[in-house]
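[1] For reference, the sequence and a predicted model appear below.
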Amino acid sequence: MTATSATTRTEREQRTAFSTLPVLRRWMAEGRRSLLGWSAGVAGVEVLYLPLFPSMQSPELAELVASLPPELVRTLGYGDITSGAGYTQATIFGLIGFVLLTIAGVSWGAAFIGGAEESGRLELTLSHGVGRVQYALESAGALAARIAGLGVVVFVVVAALNGPCQLELDLGNLLAVTAAWVCLGLLSATAALAVGAVSGRRSWGVGAGAGIAVVGYVLQALANNSESLDWLRRLSPYDWAFGTAPLTNGADLPGLTLLVGASLVLVGAATGALARRDVLG
Amino acid sequence: MTLAIQTVGLSKSYGSHEALHDLDLTVRTGSVFGLIGPNGAGKTTTLRLLLDIIRPSAGSVTVLGVDPRAGGASLRRRIGYVPGELRLDGRIKGGALLRHLAELSGPVAPGTIETLAERLGLDLSRPVHALSKGNRQKVGLVQAFMHRPDLLVLDEPTSGLDPLVQREFLAMVREASANGQTVLLSSHILSEIQQAADDVLVLADGRVVAEGDVASLRIAGTRRLHATLTGTSPAEIRAALAAVEGTDDVDVTGTAELVRVAVTVRGDVDPVVRAIATGTIRDLTIEEPDLEESVLDLYARAKEAS
């Protein structure tokens, strides 16, 4: 239209080179502090719990667990708590680590689209040279990268404590359970992303992501306690991740596939929703 | 004549609420176009439709020759936009935010961000959440101007800015225009539109109530007339003014010795002055036609007509 729009080829090439994944990189740069905080939290829990294991390998603890109501033991997943793998699963991956990961992932997922829209940031960003599909996909990528970062922290700290705490974990199995843990967190996080994208509201995203985590946990706990309700575990993402005890038995590929597949569907839903609707403040 | 923006029958509804009704807007390439109207008139809705932030319920939009939805990211690289409710939060520094946005809409010539920031008096090293409203608005202006877009879409761009910075902003608009860039700005600060715009469109309740060049709107404007009279009575003046067409808000006070008159005049002042000249005019002031009063007046007339 005027001379100002004339961009030479070199300029365009520079731009392409310079702005590879700009949205993802901004989320990662802004998330450093948050990622560091959650990493410290997860590592702290590991450092707090895992060194207790040697002192818990006692007949007294086995007796104590045996004396608890079997429903409680099954709900908490303490059935195998006297082995290193069982203890690590029950305390870190299956419980506190799971809770921390879910809170972090859901809060990020809900913030990236729903929260950004509420804060007015999305309007400003989307008024620039970025498409909605690109924005949603790069945000999902940043979500996966942050959660994978937590996975690296969990793996490294458990692996480092493996010897000193006499956990006797197989590193391949540790990798398998870390993958399951990361994918389980990703599912709740992408649910928060998708519902945030559909509703434009951060709080709805948080509700959806947390809801999936809680319902998944409850379903598998019910299934553990009743043979007639055993079918419920098939609906539980928590069971998809940990049902076959990957820390003891190795990777559960069908379970991982289910988790990753469901996350991809949710990312697709987030992208489709954002691309189609009005962005409001 | 090429058009930077053209809308035909553009409408936008939210549920049963019609925010914009049947808007035909044409903005010439290289012109400065002012969009004015009271709050809730549909100004922000119109501008968001141009940026594909929201989508029309009916009608068509062409921006720089393409439909905003089809034009996508490559079209928006050619537009600079200041949102009406610019909110910035987070620990990100002003400079870092601008560099991020420059990555999206670039290329930005080296040094442009710094030059613009210096011009507006913006400290780029402070986190955006710690900035005052005026300084956030400066960030908004820099990000709109920095990549020298063909089209600037500015929604209430001077809100929160102090008068000196407002003047600098007007200079930037003039330079952009001289440079061949097209500027569409909305405002409720009418002096801004008077100083900056070539053409004006007045919106109220989502409908066009007037359009044309700024000069013609001023002629149609309303003025407030104040007079102090002797040798007459309030009753006599009231009666005389009641006979004159195009008068409003008649306020006559005082005694037989000294009568004070204030009256809003639409159109010609001559019959009003003749009417009050039954007494001796001791003092007379006629205020400059005010665009805001003109808008309200146009709005009222448009309502009566509908």
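    Happy to help now that I have it. Numbering: from 1, shown residues only, chains lettered A, B, ... in the order given.

[2] Okay, buried residues for the helix or strand containing A:Val99 please.
    Per DSSP states H and E: A:Val99 is located in helix A:97-110. For helix A:97-110, the neighbour count (16 or more other C-beta atoms under 10 Å in any protein chain shown) marks A:97-98, A:100-110 as buried. To be clear about C-beta, it is placed using only N, CA and C from the backbone, and glycine gets the same treatment.

[3] Let me see the residues that make contact with that helix.
    A:31, A:34, A:38, A:41-42, A:45-46, A:91, A:142-143, A:146-147, A:150, A:154, A:181-182, A:184-186, A:188-193, A:195-196, A:202-206, A:209-210, A:213, A:217, A:238 (C-beta atoms under 8 Å, 6 or more residues apart in numbering or on different chains).

[4] Sort out for me which of the residues you listed are in helices.
    Within the contacts of helix A:97-110, residues falling in helices by DSSP state H are A:34, A:38, A:41-42, A:45-46, A:142-143, A:146-147, A:150, A:154, A:181-182, A:184-186, A:188-193, A:195-196, A:202-206, A:209-210, A:213, A:217, A:238.

[5] before we move on, the earlier item: can the buried residues of helix A:97-110 go into a markdown table with extra columns for pLDDT and distance to A:His128?
    Below are the buried residues of helix A:97-110 laid out as a markdown table (pLDDT from 0 to 100; distance: C-beta to C-beta, whole Å):
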| residue | pLDDT | distance to A:His128 |
| --- | --- | --- |
| A:Gly97 | 96 | 38 |
| A:Phe98 | 97 | 38 |
| A:Leu100 | 97 | 34 |
| A:Leu101 | 97 | 32 |
| A:Thr102 | 98 | 33 |
| A:Ile103 | 97 | 31 |
| A:Ala104 | 97 | 28 |
| A:Gly105 | 98 | 27 |
| A:Val106 | 98 | 28 |
| A:Ser107 | 97 | 25 |
| A:Trp108 | 97 | 22 |
| A:Gly109 | 98 | 23 |
| A:Ala110 | 97 | 23 |
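
[6] Low-confidence regions, the stretch 101-250 of chain B specifically.
    Scanning the stretch 101-250 of chain B with the threshold set as pLDDT under 70 gives B:189-191, B:216-221.

[7] Sort out which residues of the helix or strand just after the helix holding A:Val99 are buried, please.
    Per DSSP H and E, the first helix or strand lying C-terminal to helix A:97-110 is helix A:116-118. Buried residues in helix A:116-118, counted by 16+ other C-beta under 10 Å: A:116-118.

[8] so where do the helices sit in chain B?
    B:43-50, B:68-76, B:94-105, B:112-120, B:133-145, B:163-178, B:190-196, B:214-219, B:234-242, B:270-276, B:291-305.

[9] Go through those helices and pick out the most buried.
    helix B:43-50 (a mean of 25; mean count of other C-beta atoms under 10 Å in any protein chain shown).

[10] Next up, the contacts around the nearest residue to B:Arg69 once chain neighbours are set aside.
    Nearest residue to B:Arg69 in three dimensions, chain neighbours excluded: B:Asp52, at 5.2 Å (C-beta to C-beta, 6 or more residues apart in numbering or on different chains). B:Asp52 makes contacts with A:126, B:68-69, B:71-72, B:75-76, as judged by C-beta under 8 Å, 6+ apart.

[11] just those residues now: which is nearest B:Pro83?
    Of all those, A:Leu126 has the smallest distance to B:Pro83: 10.3 Å, by C-beta to C-beta.

[12] what's the neighbour count on the closest one?
    For A:Leu126, the neighbour count with other C-beta atoms under 10 Å in any protein chain shown is 23.

[13] so who does it touch?
    Taking C-beta under 8 Å, 6+ apart, one finds A:132, A:135, A:279, B:51-53, B:76 in contact with A:Leu126.

[14] Now with 7 Å, please.
    A:132, A:135, A:279, B:53 (C-beta atoms under 7 Å, 6 or more residues apart in numbering or on different chains).

[15] among those residues, which two are most distant?
    Between any two of these (C-beta to C-beta), the greatest distance is 12.3 Å, for A:Tyr135 and B:Ile53.

[16] ok, those two, which is more surrounded?
    A:Tyr135 (26 against 23).

[17] Which secondary structure element is home to the more buried one?
    A:Tyr135 belongs to helix A:132-162, assigned by DSSP H and E.

[18] tell me the angle that helix makes with helix B:94-105.
    Compare the direction of helix A:132-162 with that of helix B:94-105 by axes from the mean of the first three to the mean of the last three C-alpha atoms, to 10 degrees and you get 120 degrees.

[19] Go through helix A:132-162 and flag the buried ones.
    Buried residues in helix A:132-162, defined by neighbour count with 16+ other C-beta under 10 Å: A:132, A:134-144, A:146-151, A:153-155, A:157-158, A:161-162.

[20] Off-centre distance for it?
    Remark: helix A:132-162 is offset 8 Å from the chain centroid, using C-alpha atoms, centre = their mean, to the nearest Å.

[21] same question, stretch B:154-167
    That offset, for stretch B:154-167, works out to 12 Å (C-alpha atoms, centre = their mean).

[22] Local confidence estimate at residue 268?
    Let's take chain A. We have a pLDDT of 98 for A:Gly268.

[23] Switch to chain B, please.
    78.

[24] what's the closest non-adjacent residue to it?
    B:Gly246 (7.3 Å).

[25] ok, that neighbour - contacts?
    So B:Gly246 contacts B:265-267 (C-beta under 7 Å, 6+ apart).

[26] and it, how far is that from B:Val252?
    Distance, B:Gly246 to B:Val252, by C-beta to C-beta, to the nearest Å: 17 Å.

[27] Relative to chain A, which of the contacts of B:Gly246 is nearest.
    B:Arg266 (37.6 Å; C-beta to the nearest C-beta).

[28] How about the closest one, nearest residue that isn't a chain neighbour?
    According to C-beta to C-beta, 6+ apart, the nearest residue to B:Arg266 is B:Gly246 (4.2 Å).

[29] next one: phi and psi at the one you found?
    Backbone geometry at B:Gly246, expressed as degrees, to the nearest 10, gives phi 80, psi 20.

[30] any idea how far it is from chain A?
    Counting by C-beta to the nearest C-beta, to the nearest Å, the gap from B:Gly246 to chain A is 41 Å.

[31] again, but for B:Pro271
    49 Å.

[32] ok, that residue - contacts?
    Contacts of B:Pro271 by C-beta under 7 Å, 6+ apart are B:Val244.

[33] Can you pull the residues of the stretch 101-250 of chain B lying near chain A?
    B:101, B:103-107, B:148, B:150, B:179-181 (C-beta under 7 Å from any C-beta of the partner chain).

[34] And the residues you listed, which two are furthest apart?
    B:Glu103 and B:Gly180 (25.1 Å).

[35] quick revisit: in ChimeraX, how would I select the buried members of the contacts of B:Gly246?
    Buried residues within the contacts of B:Gly246, by 16+ other C-beta under 10 Å, are selected in ChimeraX with:
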select /B:265,266
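
[36] quick one: which of the contacts of B:Gly246 is nearest to A:Leu258?
    Once C-beta to C-beta is applied, the member of the contacts of B:Gly246 that ends up nearest A:Leu258 is B:Arg266, at 72.9 Å.

[37] circling back to that earlier point, just the angle between the helix holding A:Tyr135 and helix B:68-76, please?
    Using the same axes, to 10 degrees: helix A:132-162 against helix B:68-76 is 70 degrees.

[38] Spatially central residue in the chain, please.
    This is for chain A. In chain A, the residue lying closest to the centroid (C-alpha atoms, centre = their mean) is A:Gly185, at 1.8 Å.

[39] hm, I was asking about chain B
    B:Ser187 (2.7 Å).
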